[in-house]
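A.B. asks: The sequence and its predicted three-dimensional model are supplied below.
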Amino acid sequence: MWRPNGRGIQSLMFFSRWLLAPLLVGLVCGVVLIIIRFFIDLYKLAMHLTTYPWQDLLVGVLNLIDLTLTANLILIVVFSAFENYIRKVEPADQPEFPSGLIDIDFSAVKQKLLGSITGIAAVDALAWYLHLEEYADTAKLVWVVVFPLMFVAAMALLALADWLGRR
C-alpha cells in the first residue's frame with residue numbers, strides 16, 4: 001500500500017519559499033515607480049516654486065517625504081522577507097550592507113513598519129492642518145488626527161508585548 005512520503009512534502013514546503021521571490025521583485029519594481037513619481041512631483045514643485053504659497057510648497061515637500069517613507073517601508077519588507085524566507089544574508093559576506101537591512105527579526109520589522117506608517121500618517125495630518133480652511137468636514141479632520149495615534153498605540157502595545165515576551 002502506498003503511503004505519502006514526508007520528505008517529499010517537506011521538500012515541497014521548503015521549495016515553496018521561492019514563490020515569494022517574484023513578489024519581492026515586484027515590490028522592488030514598485031520602488032522604481034515611486035522613484036519616478038518622486039522626481040515627477042519634485043519637477044512640478046520646482047516649476048511652481050515662485051507661484052506656490054509657502055503652505056503648498058511645504059505640502060509638496062511633505063508629499064515627497066511620504067513617497068520616501070513608503071519606499072523605505074517597501075524595502076524593509078523586501079529585505080526582511082528575503083532574509084527570513086529565501087536566503088540568510090551573512091553580514092561578513094556583505095560588509096557594505098547597512099545593519100538595518102540584514103538580520104531583522106519580526107519584532108523589529110513590525111516596529112519599523114508601524115513607525116513608517118505612523119510617519120506617513122503624521123505627514124498627511126500635517127498637510128491637512130496646513131490646509132485646514134479648505135476642509136470644512138471636521139469629522140474627517142478628527143480621523144486624520146486619530147489615525148496616526150492608533151498606530152502609535154499599536155506600536156506601544158507591540159513593544160510591550162515583545163518586551164514581555166523576552167522576559
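C.D. replies: That came through, no problem.
A.B. asks: quick one: the helices in the chain?
C.D. replies: For the chain, helices defined by DSSP state H occupy the ranges 6-15, 20-47, 54-81, 106-130, 138-166.
A.B. asks: I'd like to check the angle between the second one and helix 54-81, please.
C.D. replies: Right, helix 20-47. With axes from the mean of the first three to the mean of the last three Cα atoms, to 10 degrees as the criterion, the two stretches helix 20-47 and helix 54-81 enclose an angle of 160 degrees.
A.B. asks: The spatially most central residue of the chain: what's its closest spatial neighbour, skipping adjacent residues?
C.D. replies: Central residue of the chain (Cα atoms, centre = their mean): residue 73, 1.9 Å from the mean position. Ranked by Cβ to Cβ, 6 or more residues apart in numbering and with sequence neighbours excluded, the top spatial neighbour of residue 73 is residue 116, at 4.1 Å. For glycine as for every other residue, the C-beta is placed from the backbone atoms N, C-alpha and C.
A.B. asks: quick one: contacts for that neighbour?
C.D. replies: Contacts for residue 116 were tallied using Cβ atoms under 8 Å, 6 or more residues apart in numbering; they are 69-70, 72-73, 76.
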